[in-house]
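> sequence below, structure please.
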Amino acid sequence: RAEEISDVLRNQSLEVTSVTSKEKKSFAPGLYDLTTLQREANRKYGYSAKQTLNIMQRLYENHKVLTYPRTDSRYIGKDIVPTIKERLRACATGPYRKPAGVLMNQPVRANGSFVDDKKVSDHHAIIPTEQFVQLENMSNEERKIYDMVVRRFLAVLCPASEYEDTTVTASYNNETFLAKGTIYKTPGWREVYEDSNYSDVDCNEEELPMQAASDSLMKLKSGMQLCVKTFAITEGKTKPPAYFTEGTLIAAMENPVKYLANRDKTIVKTLGETGGLGTVATRADIIEKLFNSFLMEKKGNEIHITSKGKQLLELVPEDLKKPELTASWELRLQAIAKGTQSDKQFMDEIQNYTKQL
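As a prediction, this is how the structure comes out:
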């Protein structure tokens, strides 16, 4: 069908039937919690989850330039807002001097996108401290992780990025064709990333439909005739799901819902509230343990299961392979915490369950 259309249209003219432009805004991605930072450091620099945590720990304990790393919150509390200017002053050095300087001279834009007491658990998001920074005292790895955190902190304090999406439709002989393009009006928070290798993937936005001829689309008007010069038909194949990398595995552990056989609402809600499998502090160790006991191995950046791992999965009782078990135990522990169930009864059941297994 595609070939038939291209044969009919060769050297014909299309008529532009509509040109629509929409002004849109894109907001800065949220602050980092440990899992998001581990995922992006793995994608950007190939660091393992454990490696990222160790680097973060040094920046927190030795350099004292970043806040507590083992956090599962991407928000700060209202009590931190008065300290933002001081934190900007502390990190206003090297490549951050200009953006931090601009933000220091403006009132702080503290809004619900990153300030929310209800969404702060034991610890708030990872942000710079008020400790003055000496970049030359950091190792190359520490610089990279520090850079990610500082730029994200500066970005949330910046205004939205504004752009215009243009969509053009043209037709010939009942066939309709579409072209899209995007033009940035004000860069907003994206300015913070201008001199770094930032990509839209970092903020999980849908990829913007960028097109080289964006500005030429703006010049088109309804009723114009466009001559068809060339045709290209591209073929593609669908790909199977990609292998996990450490970054994507750690994200799947945090939110294992799509890997559940049973999508029971209570179980889904419980896994969401309790943060999935493991905690921010233990996930990196769990992955390391699986590598060290030769149940998984790395091929490049991809994680593959070993023959020993396959054997274990065949031998292990079905229950122990399901995230639902974590959820059902969490529900019981919550009930014990509220005093509606007995901890002794729970432990007795666990002992019997262990014997059965």
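> nearest residue to Leu331 other than its sequence neighbours?
Using C-beta to C-beta, 6 or more residues apart in numbering and skipping residues adjacent in sequence, the residue nearest Leu331 is Thr270, 5.5 Å away. In this view, the C-beta of every residue, glycine as well, is placed from N, C-alpha and C.
> tell me what the helix or strand where that neighbour lies is packed against?
Per DSSP states H and E: Thr270 is located in helix 265-274. Applying 3 or more C-beta pairs under 8 Å, 6 or more residues apart in numbering; DSSP states H and E, we find helix 265-274 packed against helix 323-338.
> and the contacts of the helix it packs on?
Defining contact as C-beta atoms under 8 Å, 6 or more residues apart in numbering, one finds that helix 323-338 is touched by 256, 259-262, 264, 266-267, 270-271, 274, 276-277, 319, 341-343, 346.
> restrict those to the buried ones and give me that as a ChimeraX selection.
Burial among the contacts of helix 323-338 is assessed by 16 or more other C-beta atoms under 10 Å; the matching ChimeraX selection reads:
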select :256,267,270,271,274,276,277
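> just to revisit the earlier point, immediately after the helix holding Thr270, which helix or strand?
helix 283-292.
> for the record, mean pLDDT for that following helix?
Averaged across helix 283-292, pLDDT comes to 95.
> in it, what's buried?
Those would be 283-284, 287, 290-291, for helix 283-292 by 16+ other C-beta under 10 Å.
> and which of those is nearest to Arg58?
Ala284 (14.7 Å; C-beta to C-beta).
> neighbours of the nearest residue to that closest one once chain neighbours are set aside, just the number please.
Nearest non-adjacent residue to Ala284, counting by C-beta to C-beta, 6+ apart: Ala49, 3.8 Å away. Other residues lying near Ala49 total 25 when counted by other C-beta atoms under 10 Å.
> and Ala49, its phi and psi?
Backbone geometry at Ala49, expressed as degrees, to the nearest 10, gives phi -60, psi -40.
> gap between it and Glu246?
Counting by C-beta to C-beta, to the nearest Å, the gap from Ala49 to Glu246 is 5 Å.
> give me the common contacts of these two.
38, 42, 287.
> how about a markdown table for those, with distance to Glu142 added?
Output for the shared contacts of Ala49 and Glu246, formatted as a markdown table (distance: C-beta to C-beta, whole Å):
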| residue | distance to Glu142 |
| --- | --- |
| Gln38 | 15 |
| Asn42 | 17 |
| Ile287 | 22 |
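> fine, thanks again, bye for now.
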